[in-house]
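> quick one, structure for this:
(one chain, ligands or ions: 1)
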Amino acid sequence: MIQDIAPHRFANEFLPNAQPNKDDLVFYVRGQEVAARRVGQTGIELPRVGEDEVTAEGLTFLFSLDGRACWLAPEAGAAEPPEGYELVHNRALRMERRGPRELMLAIYTAVHLADWYAKNRYCGACGHEMAHHEKMRAMRCASCGNVVFPRLNPAVIVCVCDPERNKIVLTRYAAGRYHAIDALVAGFVEIGESIEDCVRREVREELGLEVKNIRYYKSQPWGVAGDVLSGYWCDVDGDPTIRMDVSELGRAVWVGPDEIPGQPDDLSLTNEMMCLWRNLRQAPQDGEYKFYGWQTADVVDAQGRTPRDLYDLLSGLWCAQTCAPRMRSSWSEQNPTYGQCSITAFLAQDLFGGEVYGVPLGDGNYHCFNVVGFCVFDLTSEQFGNRTLDYGSAMLQSREQHFQKAEKRERYELLRSKLEGCD
Ligand SMILES: [Zn+2]
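Just a heads-up that it's a prediction; the model follows:
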């Protein structure tokens, strides 16, 4: 997603005493557009303090990016671009896949804040002109004391699943709206409504379905409507026949894993959820590698290695000593991944980030594998032979909890030191 910018750092704390420095970024915002310069096929540049045409007067502090202050130019919401820059719509930047990604996040956030500043110039209580608060990111009325904080519009993204038929609902907006790409059910939380109730209501209104087993996934702190999105999974409850709201949607259909192409970029929560579900539920195919998800295991570590490279390395390192003690007597070189799942998954997490999930095996134990964004891979799946695990039922695993067992931590450290010996 756009906010996944590590190792870059976005810090949104308000610094009331910050002063503009040369090279700080300046956001000239008009509606959803910002002043920017397209560079090459995929780059963008923003105006900086210290450039001849860029103002250093009347700037409003926004946030910091990698320790560098970012500022809002005067006339927020209706700014003219400085010479040498053009106004570019944030959605155009996204569709052209221009970055780097941390600048994209900064642009979305700056547009959101500029819109709020532009719409809070006068007090809603008494009509007096508002002024910037001295200490906080807020506007204050000198006449009546009314303080207004930035406004966020909470919204949900809902992936409605039918676990029995192995399908989810994909939607498209009705014509006339931004409708060309597959999406999930979405809508804004209303006052007096819990987020879970919002999930139920939006699915009922848009699809005519009832749902159960509502579970949180992740959030997305940017959008074009001042929104903060919460992503939820849920399961259809009862009749799966869709009765679509035609005023809102142009299409709503149940689809299986092979019918989900995904959006053209990996920037949104919607796309991450669709593609993660697809990758969890897609039947594994035969191929040159023996581990689940090898075909799409395309994430890279700091040294440019993929999970396939890690599998090749670990194939020479897994041994009886790194096998779980209760399984050790059955470990063999013919079944090298046996008893290695959790330490392998946490080692892969060290390299590729993401999360470790576990499939319940029915005996109180979990089989661990990796999820990085919507990339799913299970380096130790071959021990199950032809049995396909139900990856869709997996639960998030805690490193701290697993490594409370000293012997497991020691095996993990042994495998890690063996791997480091390969570098
Ligand atoms: Zn007032």
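> ok but T109 is inside a helix, no?
Yes: looking at T109 with DSSP: H, G, I helix; E, B strand; the rest coil, it is inside a helix.
> and the gap between it and the ion?
Between T109 and the ion the computed distance is 27 Å (Cβ to the ion, to the nearest Å). (C-beta placed from N, C-alpha, C; glycine too.)
> the ion contacts on the stretch 51-200 of the chain?
When proximity is defined as Cβ under 5 Å from the ion, the stretch 51-200 of the chain approaches the ion at 123, 125-126, 128, 141, 143-144, 146.
> can you pull the buried residues of stretch 94-110?
Along stretch 94-110, these residues count as buried under the neighbour rule (16 or more other Cβ atoms under 10 Å): 94, 98-99, 101-110.
> what's the most distant pair in those?
Spatial extent of the buried residues of stretch 94-110 (Cβ to Cβ) is set by the pair R98 and T109 at 16.3 Å.
> need the three-state assignment for the closest residue in space to L207 that isn't next to it in sequence.
Counting by Cβ to Cβ, 6 or more residues apart in numbering, I242 is the residue found nearest to L207 once chain neighbours are left out, at 5.1 Å. Following three-state DSSP, the label given to I242 is coil.
> I242: what's it in contact with?
169, 207-209, 252-254 (Cβ atoms under 8 Å, 6 or more residues apart in numbering).
> show the model's pLDDT score for it.
Here, the pLDDT recorded for I242 equals 97.
> again, but for Y178
For Y178, pLDDT reads 57.
> isn't V148 right next to M139, touching?
Yes: contact between V148 and M139 holds when scored by Cβ atoms under 8 Å: they sit 4.8 Å apart.
> find residues that contact each of the two.
In contact with both V148 and M139: 120, 130, using Cβ under 8 Å, 6+ apart.
> who's more crowded, these two?
M139 (22 against 17; other Cβ atoms under 10 Å).
> which ones are touching that one?
117, 120-121, 130-133, 147-148.
> just give me how far the helix or strand containing L347 sits from the chain centre.
In this assignment (DSSP states H and E), L347 forms part of helix 341-352. Distance of helix 341-352 from the chain centroid (Cα atoms, centre = their mean, to the nearest Å) equals 20 Å.
> packing partners for that helix?
helix 307-314, strand 355-360, strand 366-372, helix 399-402, helix 406-420 (3 or more Cβ pairs under 8 Å, 6 or more residues apart in numbering; DSSP states H and E).
> in the fourth one, what counts as buried?
Applying a neighbour-count criterion of 16+ other Cβ under 10 Å, one finds 399, 402 buried in helix 399-402.
> the stretch 101-250 of the chain: helices as residue ranges?
Here the stretch 101-250 of the chain has its helices, by DSSP state H, counting those that start in this stretch, at 101-118, 195-207.
> mind checking how far the shortest one is from the chain centre?
The gap between where helix 195-207 is centred and where its chain is centred comes out at 22 Å by Cα atoms, centre = their mean.
> what average pLDDT does that helix get?
The predicted confidence, averaged over helix 195-207, sits at 97.
> from memory Y232 sits against Y217, does it?
Yes: in this structure Y232 lies within contact range of Y217 using Cβ under 8 Å: 6.3 Å.
> could you name every residue contacting both of those two?
C159.
> settle it for me: which of the two has more neighbours?
Y232 (24 against 16).
> for that one, report the pLDDT, please.
97.
> beta partners of it?
Counting by DSSP bridges, Y232 forms beta bridges with V158, Y216.
> now swap in E33 and tell me
R30, H89.
> quick check, it in contact with V88.
Yes: counting by Cβ under 8 Å, E33 does reach V88; the two are 6.0 Å apart.
> what is the burial count for S247?
Neighbours of S247 under the rule other Cβ under 10 Å: 8.
> surely it meets A175?
No: contact between S247 and A175 fails when scored by Cβ under 8 Å: they sit 11.6 Å apart.
> gap between R326 and the ion?
69 Å.
> contacting residues for that residue?
Here R326 is in contact with G339 (Cβ under 8 Å, 6+ apart).
> retrieve the pLDDT associated with it.
92.
> could you look up the SS state of it?
helix.
> I'd guess F61 is in a strand, am I close?
Yes: counting by three-state DSSP, F61 is part of a strand.
> name the nearest residue to it, sequence neighbours excluded.
A18 (4.9 Å).
> can you check V228 too?
L152 is the one closest to V228 (Cβ to Cβ, 6+ apart), at 5.0 Å.
> residues near the one you found, how many?
Neighbours of L152 under the rule other Cβ under 10 Å: 13.
> can you check the one 5 residues further on too?
Other residues within reach of I157 by the criterion other Cβ under 10 Å amount to 26.
> on that earlier part again, now, of the residues of the stretch 51-200 of the chain next to the ion, which are buried?
Going by neighbour count (16+ other Cβ under 10 Å), these have 123, 141 buried.
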